[in-house]
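Asker: Curious how this folds, go ahead:
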Amino acid sequence: MKAFEIGAKETVVFYLHGLRGHGYSQKAALEHMVKSLGVRLLSLELPGHGEDSFDEHCMVPEYRQIVSMICDEVVRRAGDSEQVILMGYSFGGALMALAADKLDRDIKFLPQVAGYIGLSTAFDVGHNVPRWQLFLAGAIAPLSRFLFRHAPRWSSYVTIREMNVALLSADPVVQQSILDDELVYSGRIPLNTSAQVYKSSLAARKVLDTMAAPVLLIHSKDDEIALAPTLETFNPHVEVKLFNGLRHNCIDGLSREVVRSRRAITQFIVDKL
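Answerer: Take a look at the predicted model:
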């Protein structure tokens, strides 16, 4: 007897949270977007985040090392799937863009990279960083890591500000849920991590225009953390969908704009099945 599979391609969606988040961040919204689609959803966690953030304060390795870690995990977890879709939020969005491009160029990686979804992706964050930090980003990163490991008392002088939840969402319910989440790190963060966010943002912008896989960018026009791209920022193959009043979080909450944003993501995934 012969058997023939008919229907959707076996698909794994890999998700990576943003700075200060953790592997279960935005769990409810993610589940809502992929329920009944027949895809697997795997959420990755950045080094130094989640429970580790209590001691690590969101300290991360050099961004290229994180991209390699992501690719290794995707290769390991993809199994016999036919295709993968990479999705990331903020800092995680920039890293996932780089990982998607790297995997798509790897002839040994058998599943097809069917798409990349960037949520409030950190492509333009330089306005949040003092110019001297931008200029010295390469030198600050190893210095920050050294002080954090060997002179914690002095390390506090090379950190970025604490979390401002009002910049993340205009929705009071969403704001409170973030504040109530014990695994969301709200304290000061080593400048090394800030440097990796900035450097990965520059690298991700470059690869997006040449990425072979379909791209969907979801962003709010009033985002003050990662400035929103325009419809002309990238080449035409990059689909940009802009929303109003969602600040730096386009998938949590129940507002009409959030619902529209989540539907756009779901439809992008459905179109690849």
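
Asker: and the nearest residue to Met96 once chain neighbours are set aside, what does it touch?
Answerer: In this structure, Met96 finds its nearest non-sequential neighbour in Gly88, 3.2 Å apart by Cβ to Cβ, 6 or more residues apart in numbering. (Glycine included, C-beta is placed from N, CA and C.) By Cβ atoms under 8 Å, 6 or more residues apart in numbering, the residues touching Gly88 are Tyr15, Leu16, His17, Gly18, Ala94, Leu95, Met96, Ala97, Ile117, Gly118, Leu119, Thr121.

Asker: Let's verify Gly88: helix, strand, or coil?
Answerer: With DSSP: H, G, I helix; E, B strand; the rest coil as the basis, Gly88 sits in strand.

Asker: May I have the predicted confidence score for it?
Answerer: What the model reports as pLDDT for Gly88 is 97.

Asker: returning to that earlier point: now, the contacts of Gly88 that are in strands?
Answerer: Tyr15, Leu16, Ile117, Gly118, Leu119 (DSSP state E).

Asker: I'd like the distance from the fourth one to Ser90, if you could.
Answerer: For Gly118, the distance to Ser90 under the criterion Cβ to Cβ, to the nearest Å works out to 9 Å.

Asker: what's the answer for the second one, then?
Answerer: In this structure, Leu16 and Ser90 are 9 Å apart, going by Cβ to Cβ.

Asker: Surely Leu98 is in contact with Ala204?
Answerer: Yes: counting by Cβ atoms under 8 Å, Leu98 touches Ala204, with 5.6 Å between them.

Asker: what number of residues lie near Tyr24?
Answerer: 14 (other Cβ atoms under 10 Å).

Asker: quick one on the thing from earlier: I only care about the ones in strands among the contacts of Gly88 that end up buried; give me the PyMOL line for that.
Answerer: Those of the ones in strands among the contacts of Gly88 that count as buried under 16 or more other Cβ atoms under 10 Å are selected in PyMOL with:
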select buried, resi 15+16+117+118+119
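
Asker: residue contacts, Ser169?
Answerer: Residues near Ser169 by Cβ under 8 Å, 6+ apart: Gln175, Ile178, Leu246, Arg247, His248, Asn249, Asp252, Gly253.
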